[in-house]
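>>> How does the following fold in three dimensions:
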Amino acid sequence: MPYIHESRRGKLDLYLTMIDEACTDVGSYVYCMTRIATMLGRPGQWEELSFRRLNEAIGALECTKLEFYRRMVAPYEDKRCEENGDVF
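Modelled structure (predicted):
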C-alpha cells in the first residue's frame, strides 16, 4: 500500500506539489494519473510488454482506488449517514 518510509517521500511529495499546482481541473488530474498508470504498465529496458506488467499496473490502480475509498469516501459517507439518517 502507499505507506512507504518517510525517508522516501521527500522527492515524491515535491513532484506531487508540482502536479497539484499545475492541475486546473479534474481532466488534468486524470491525465496525470493515466500517465503514471502507463509508466507502471510499460516494460523495463530489458522486458517485453507482458500480462504480468499490465496486471501489476491494474493491481496498483485497484489498490489506489480502495485506499482512496477507505480513507476519504467511507468517512464522508459515515458522516452523512449520521447527519441524515441511515438508508436501511
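
>>> ok now stretch 47-67, how far from the chain's centre?
12 Å (Cα atoms, centre = their mean, to the nearest Å).

>>> nope, stretch 15-29 is what I meant
So, by Cα atoms, centre = their mean, the centroid of stretch 15-29 is 13 Å from its chain's centroid.

>>> what's the helix or strand where Leu14 lies packed up against?
Applying DSSP states H and E as the criterion places Leu14 in helix 10-22. Judged by 3 or more Cβ pairs under 8 Å, 6 or more residues apart in numbering; DSSP states H and E, the packing partners of helix 10-22 are helix 26-41. (C-beta placed from N, C-alpha, C; glycine too.)

>>> just for this structure, where's the confidence low?
The chain contains residues with pLDDT under 70 at 1.

>>> at 90 instead, please
1-3, 39-49, 52-53, 56, 88 (pLDDT under 90).

>>> Go ahead and flag the most central residue of it.
Nearest to the mean C-alpha position of the chain, counting by Cα atoms, centre = their mean, stands Thr64 at 4.2 Å.

>>> Give the buried residues for the helix holding Leu14.
Neighbour counts over helix 10-22 (16 or more other Cβ atoms under 10 Å) mark Ile19 as buried.

>>> what's the answer for stretch 56-67, then?
Those buried within stretch 56-67 under the rule 16+ other Cβ under 10 Å are Ala57, Leu61.

>>> hmm, who's touching that stretch?
Stretch 56-67 is contacted by residues Met1, Pro2, Ala37, Leu40, Gly41 when judged by Cβ atoms under 8 Å, 6 or more residues apart in numbering.

>>> Go again with 10 Å.
With contact meaning Cβ atoms under 10 Å, 6 or more residues apart in numbering, stretch 56-67 is reached by 1-3, 33-34, 36-42, 50, 73.
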